[in-house]
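*Asks:* quick one, structure for this:
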Amino acid sequence: FEQITPGTMSSADYNLAVMHLRGELPQPSLALARRLLERAAHGGFVTAQLMLGRALENGDFGTRDLTLAHRWYGVAAESGSVEAQVAMGTAHYLGRGLPKDAARAAHWQRARAGWVQALDSQAWDGGWYKRAFFDDGTPLGTRSQAECRIDLIAQAWAVLSGAGDPARAQQALAAADSELWDAKHGLLRLLHPPLQYARPEAGYIQAYPAGVRENGGQYSHGATWAVMAAAKLHQPERAWRMWQAISPAHRWQDAALGPAYGGEPYVVAGDICSASPWAGRCGWSWYTGASGWLWRAAVESLCGLQT
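*Replies:* The predicted structure is shown next:
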């Protein structure tokens, strides 16, 4: 992270800041964590904006600053962060760090309700949730498309967020398992079929070859969230099968999957290819922030220990 942080890598700034805040580095620095978060937040990284607001509210940098916290919550809320919208609404309702303002509280609660309504109307595709919409209104992740008919992240977070209709969320995760699971290679693909000729283009992920990283490979963040979603729905067999697909140690226990994987058996890789001739081969070892999510999935979701 320290090698790639200079420049505009907002996600790297964010991940490095989190490591400083959690004391996971040899010389953690709260001051550096704040500077990194601020740089990522100013770069438009919504997760960093939300994290910065939360850290300022909780006093993670040494002192609380509710005024600045809610300024960043407001930026994230305007970008569509439901969590930030709830934080803003609650702050105005309770008068906590912001003037008590029932009208503004109601405004942010209506904003959140609007996102939830959209989730179960325009975003529902009949069997699963669409991934996104382009500026012209074209959906991504819909059964009517030849490429990226379904995306894993939308289905997992429909469960994890608690915002989706419970029956639909359960149906969506089952559809993801059915459509995205590659039994031959023991993989849970991020999307399928991969993007190659789709218009409008879906950004940088479409520049990857089919079956590589976010473009139809097994992407460790999405697969880990699916593990957590399955556990939340009390589906232990599904959750464990998905876990084994990510775990390098378990892949190496298989005589065929281990050599194909090719990475260290003790390091979570960022992704695993799903396309021939490299199906099952890991990518971006020693890099992914999904390792932290996988730890949480193991301890909290599978074992049931709350940390």
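
*Asks:* what ranges do the helices span in the stretch 51-200 of the chain?
*Replies:* Assigned by DSSP state H, counting those that start in this stretch, the stretch 51-200 of the chain shows helices spanning 66-78, 82-94, 102-119, 152-160, 166-180.

*Asks:* dump the second one to PDB, restricted to CA.
*Replies:* In this case it means helix 82-94. C-alpha atoms of helix 82-94 as PDB (Å, rounded to 0.1, in the frame of the first residue of the first chain):
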ATOM      1  CA  VAL A  82     -27.700   4.900   3.100                       C
ATOM      2  CA  GLU A  83     -25.700   4.600   6.400                       C
ATOM      3  CA  ALA A  84     -24.700   8.300   6.200                       C
ATOM      4  CA  GLN A  85     -28.200   9.300   5.500                       C
ATOM      5  CA  VAL A  86     -29.400   7.500   8.600                       C
ATOM      6  CA  ALA A  87     -26.600   9.100  10.600                       C
ATOM      7  CA  MET A  88     -27.600  12.600   9.400                       C
ATOM      8  CA  GLY A  89     -31.300  11.900  10.100                       C
ATOM      9  CA  THR A  90     -30.500  10.600  13.600                       C
ATOM     10  CA  ALA A  91     -28.300  13.600  14.300                       C
ATOM     11  CA  HIS A  92     -30.900  16.100  13.300                       C
ATOM     12  CA  TYR A  93     -33.600  14.200  15.100                       C
ATOM     13  CA  LEU A  94     -31.700  14.000  18.400                       C
END
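
*Asks:* got the angle for it vs helix 66-78?
*Replies:* Calculated by axes from the mean of the first three to the mean of the last three CA atoms, to 10 degrees, helix 82-94 forms an angle of 130 degrees with helix 66-78.

*Asks:* likewise the longest one?
*Replies:* Taking the same axes, to 10 degrees, helix 102-119 and helix 66-78 form an angle of 30 degrees between their directions.

*Asks:* any idea which helix or strand in the chain has the lowest mean pLDDT?
*Replies:* Here the helix or strand of the chain ranked lowest by mean pLDDT, DSSP states H and E is helix 82-94, holding a mean of 78.

*Asks:* what stretches of the stretch 201-307 of the chain score poorly on pLDDT?
*Replies:* Along the stretch 201-307 of the chain, segments meeting pLDDT under 70 span 307.

*Asks:* where do the helices sit along it?
*Replies:* Using DSSP H, counting those that start in this stretch, helices in the stretch 201-307 of the chain cover 220-232, 236-246, 248-252, 257-261, 290-296.

*Asks:* just name the most buried of these.
*Replies:* Most buried of the helices of the stretch 201-307 of the chain by mean neighbour count (mean count of other CB atoms under 10 Å) is helix 220-232; its value is a mean of 25. Backbone N, C-alpha and C define where each C-beta goes, glycine included.

*Asks:* list the helices and strands that helix packs on?
*Replies:* Judged by 3 or more CB pairs under 8 Å, 6 or more residues apart in numbering; DSSP states H and E, helix 220-232 is in contact with helix 152-160, helix 166-180, strand 187-188, helix 236-246, helix 290-296.

*Asks:* hmm, who's touching the last one?
*Replies:* Which is helix 290-296. 220-221, 224-225, 227-228, 246-247, 267-268, 270, 307 (CB atoms under 8 Å, 6 or more residues apart in numbering).

*Asks:* ok, and the closest non-adjacent residue to residue 13?
*Replies:* Leaving aside its sequence neighbours, residue 13 sits nearest to residue 40 (CB to CB, 6 or more residues apart in numbering; 4.0 Å).

*Asks:* and the one you found, what element?
*Replies:* Secondary structure from DSSP states H and E places residue 40 in helix 30-42.

*Asks:* now for that helix, which elements pack on it?
*Replies:* helix 10-21, helix 46-58.

*Asks:* got those helices as CSV, with distance to residue 276 and mean neighbour count columns?
*Replies:* Formatted as CSV, the helices and strands packed on helix 30-42 follow (distance: least, CB to CB, whole Å; neighbours: other CB atoms under 10 Å):
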stretch, distance to residue 276, mean neighbour count
helix 10-21, 30, 21
helix 46-58, 34, 22
